[in-house]
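[1] Sequence and predicted structure, then a few things I'm wondering about:
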Amino acid sequence: MAKMAASMVESGEDAFRKIFKFYKRRNPPPDFSDVIDFSRGVPSDKVIPAKLDLVAVSDTEAARVGLQPVRDWRAFSLQGYPGFIFISNPFLLGSQPFWVRQCLKTYPQKPNVCNLDMHMSSSDTQDIWGKSIHGLSCPPSGKREPKTLLERLRWVTLGYHYNWDTKTKDPWSVGVMWLRSHTYSANHYTPFPAELNLLSFQITAACGFPGFNAEAGILNYYRSDSSLGIHVDESELDHSRPLLSFSFGQSAIFLLGGTCRHDPPTAMYMHSGDVMVMSGESRLLYHAVPCIIPAPQGHTALEMEDCSLASSLRDSTVVEQMSEQDWAVCSRYIQSSRVNVTIRQVLGPGQSFPETPSHHHRTDAGQTDGYHEGSVDGERSKRMRSSSCDFVDIGKT
Ligand code: SIN
């Protein structure tokens, strides 16, 4: 735990909330010196090299989805968090641009669901990429331009679509925490992207979870002022399966807490390409993203990559060469943004959803999901947030 932040916490307090606010603060900026940075090797005695299954995934299988050979991954565990694995950017040079393009161009397409569907017609949200590339390709004019749809994108759901309406408030806390429950249903499903399933399958297999089946995904799109409230991912019916998280673009602070809000969280950086696996005892821990950290000089390592495939990727059947025009749009977007993808297996083998009345996905414009922070579309969103402040997450209280 961050010593600076921890020293502010008194016993019996909502320690997570306090530390979340500490890292979310802009003025004066917080002291980040206690934040674990896995990209710097083994920086603290809390960090232990993680054991991977080196034969579960062949080098060819790994390269197919753009990953380095498993023996080259820098994977870590954290003392006190059994089942938590942090893999510091295991991607082959040149493969992240492909995954970023999938997140920006492919996954927001129908039939997947996104926040813009909540208050726009399906024809308006039909081609988010196509409608945004002109605005994102033009050099800034200095004038205040309307935001493109891509810049207004906050979340996309894949597979079993997460239903934001069905969150319940944590009875323990004072209106700042969401438990995700009963949020998937059999009749709100569209095919899960095969290449993302394969990527998830390989990573989880190397982490000791063979046979993982990616059934639901949530993509979160963060602008520089976004944050993600304190929550536990408990909606999935089978918690013995891990939760997988991919980060692309700008860096962020991730807070990993305990099973109750008294437990002060550990802060760590998530950089572009980093992968986290939450399994076992760490599967149901409180976590949050209090802030996005712009890369030094405004450049992430990813921005420096170019879109031509490295020789190790030329035989990949999944990671495709992308056009310079697509990469120009993606790299402009990630100069100020971060994309996170969490992947879940919802059902265990032989498991099915309990019989419940079908969930209707929200289509009304008058609510926010209370979980994402930061503006979706300027004034409108500010109005919506302020009229539902009981239901917003910790950052707005
Ligand atoms: C999540 O917890 O759903 C996403 C966390 C992240 O953005 O890293």
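    That came through fine. Residues are numbered from 1 along each chain as shown.
[2] Ala75: what's its closest spatial neighbour, skipping adjacent residues?
    Leaving aside its sequence neighbours, Ala75 sits nearest to Ala50 (CB to CB, 6 or more residues apart in numbering; 4.0 Å). Quick note: C-beta positions are derived from backbone N, CA and C, even for glycine.
[3] So what pairs up with the residue nearest the centre of the chain in the strands?
    Nearest residue to the geometric centre of the chain (CA atoms, centre = their mean): Asn340, 2.6 Å. Under DSSP bridges, the beta-bridge partners of Asn340 are Asn220, Ser247.
[4] ok, now how distant is it from Leu302?
    14 Å (CB to CB, to the nearest Å).
[5] what do the two both touch?
    Residues touching both Asn340 and Leu302 by CB atoms under 8 Å, 6 or more residues apart in numbering: Phe248.
[6] Contacts only, for the residue of the chain found nearest the ligand.
    Ranking the residues of the chain by distance to the ligand (CB to the nearest ligand atom) places Asn340 first, at 3.2 Å. By CB under 8 Å, 6+ apart, Asn340 lies in contact with 219-220, 222, 245-248, 252, 270, 289.
[7] Export the residues you listed as JSON lines, with columns for distance to the ligand and pLDDT.
    Below are the contacts of Asn340 laid out as JSON lines (distance: CB to the nearest ligand atom, whole Å; pLDDT from 0 to 100):
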{"residue": "Leu219", "distance to the ligand": "9", "pLDDT": "97"}
{"residue": "Asn220", "distance to the ligand": "5", "pLDDT": "97"}
{"residue": "Tyr222", "distance to the ligand": "7", "pLDDT": "97"}
{"residue": "Ser245", "distance to the ligand": "5", "pLDDT": "98"}
{"residue": "Phe246", "distance to the ligand": "9", "pLDDT": "98"}
{"residue": "Ser247", "distance to the ligand": "6", "pLDDT": "98"}
{"residue": "Phe248", "distance to the ligand": "10", "pLDDT": "96"}
{"residue": "Ala252", "distance to the ligand": "6", "pLDDT": "97"}
{"residue": "Met270", "distance to the ligand": "6", "pLDDT": "97"}
{"residue": "Val289", "distance to the ligand": "5", "pLDDT": "97"}
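[8] Filter those down to the buried ones.
    Using 16 or more other CB atoms under 10 Å as the burial test, these include 219-220, 222, 245-248, 252, 270, 289 as buried.
[9] Looking at those residues, which is nearest Asp233?
    Distance to Asp233 across these (CB to CB) is lowest for Ser245, with 9.7 Å.
[10] so the closest one sits in a helix?
    No - counting by DSSP: H, G, I helix; E, B strand; the rest coil, Ser245 is not part of a helix but strand.
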